[in-house]
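In: my questions are about this predicted structure, shown below with the sequence.
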Amino acid sequence: MALTASEVDRFEASRHRLEALAYRLLGSASEAEDVVQETFLRWQGADTGRIEVPEAWLTKVLTNLCLNQLTSARARRETYVGAWLPEPLLAGDPMLGPADTAEQRESVSYAVLTLLERLTPNERAVYVLREAFDYPHREIAEILDLTESASQQIFHRAKKHVASGRARAEIDEAAARRIVDEFLAAATSGRTEPLVRLLTEDVFAIGDGGGKVPARARAFEGARAVATFMRGLFKPGKAKRNLVGGSPDVHVVAANGMPAIVVVLDGRVIGVTCLEITEQGITAFRSQVNPDKLVRATRRWAAGDHGEPVLSLF
């Protein structure tokens, strides 16, 4: 069924919101784009004249497509090579969605997106709709075919699961940037002790290579183990240059609202490491090096001016 120009415009007016919702639900920008396109096809095939509230209809269709995707994704991730981490989004990406409140900003942080993997599909949907988009439970219930009380119970359960993984408050942006700069200086010093002092005792480092780029399947845990790993990672070497195809540049930017180290080679983003930083120090390193999950980051990188790199590796 052909859509009128006004019907297409009505959908396009909702596209960024739908993409932001799908990204939070799936943790994948590429899958979010696919689901939004499928939602458009459903809109194209619907009798739009009988749809009283297009935004509600589109949200319901997209959310249920995402729930189906999440169910099948769980099976796929059981055979995924190594650790699975979300696809990072660089600062300014419209898919990051609303960021007016602390809850909205936190809901798209790399740390929370990783924690959302612990939730059931329904828990994740209720949490995202309520926390990130401020939907009332009455509307969430209609979207997910639940009772209002069930939506409230699911939300409280989901929020408790997420909160249990984020027990400490993060620090402000300026202080976090200072710690990242200190970390890079320590990591390139060739010494372990300066690194240890910047880390919490329970710090961990994990990476997602998707079986395409070397990445440790299990996390390094503890300040000494992570410091030793980071010292070795930043140590120059011909083998590392050969592995990545040159000497990449390192930039410090924001990704998913968190301080991030972005590694760029010949204009292509080859790694994004999001740092979780608290008053006690750096508590987590989450590195995305799977090239399939860095395509959008590379496009965004090419579209902006990021200044001079803070250092070059290897």
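Out: Thanks, I have the structure now.
In: do you know how far the nearest residue to Ala111 once chain neighbours are set aside is from Phe40?
Out: Sequence neighbours aside, Glu276 is the residue nearest to Ala111 in space, at 5.1 Å (criterion: C-beta to C-beta, 6 or more residues apart in numbering). The way it works is simple: take the backbone N, C-alpha and C, and place the C-beta from them, glycine included. According to C-beta to C-beta, to the nearest Å, Glu276 stands 36 Å off from Phe40.
In: so for the helix or strand harbouring Ser72, mean pLDDT?
Out: According to DSSP states H and E, Ser72 maps onto helix 54-78. Mean pLDDT, computed over helix 54-78, is 91.
In: packing partners for it?
Out: Where contact means 3 or more C-beta pairs under 8 Å, 6 or more residues apart in numbering; DSSP states H and E, helix 54-78 is packed against helix 5-26, helix 29-45, helix 121-127, helix 137-144.
In: let's see stretch 150-162 as PDB, backbone CA atoms only.
Out: Only the C-alpha atoms of stretch 150-162 are listed here, as PDB (Å, rounded to 0.1, in the frame of the first residue of the first chain):
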ATOM      1  CA  ALA A 150       2.200  -6.300  36.500                       C
ATOM      2  CA  SER A 151       4.100  -3.500  34.700                       C
ATOM      3  CA  GLN A 152       4.800  -1.900  38.000                       C
ATOM      4  CA  GLN A 153       6.100  -5.100  39.600                       C
ATOM      5  CA  ILE A 154       8.200  -5.900  36.600                       C
ATOM      6  CA  PHE A 155       9.800  -2.500  36.700                       C
ATOM      7  CA  HIS A 156      10.700  -2.600  40.300                       C
ATOM      8  CA  ARG A 157      12.200  -6.100  39.800                       C
ATOM      9  CA  ALA A 158      14.200  -4.900  36.800                       C
ATOM     10  CA  LYS A 159      15.400  -1.700  38.500                       C
ATOM     11  CA  LYS A 160      16.600  -3.800  41.400                       C
ATOM     12  CA  HIS A 161      18.600  -6.100  39.100                       C
ATOM     13  CA  VAL A 162      20.200  -3.100  37.400                       C
END
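In: so what touches that stretch?
Out: 112, 115-116, 118-119, 122-124, 126-127, 130-131, 137, 140-141, 144, 146 (C-beta atoms under 8 Å, 6 or more residues apart in numbering).
In: and that stretch, which residues are buried?
Out: Ala150, Ser151, Gln152, Ile154, Phe155, Ala158, Lys159, His161, Val162 (16 or more other C-beta atoms under 10 Å).
In: can you select the buried ones from the contacts of stretch 150-162 in PyMOL?
Out: Applying 16+ other C-beta under 10 Å to the contacts of stretch 150-162, the buried members can be selected in PyMOL as follows:
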select buried, resi 112+115+116+119+122+123+124+126+127+130+131+137+140+141+144+146
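In: thinking again about what came up before, got the angle for the helix holding Ser72 vs helix 5-26?
Out: 40 degrees (axes from the mean of the first three to the mean of the last three C-alpha atoms, to 10 degrees).
In: state the next helix or strand along the chain beyond helix 54-78.
Out: Criterion used, DSSP H and E; the element after helix 54-78 is helix 102-107.
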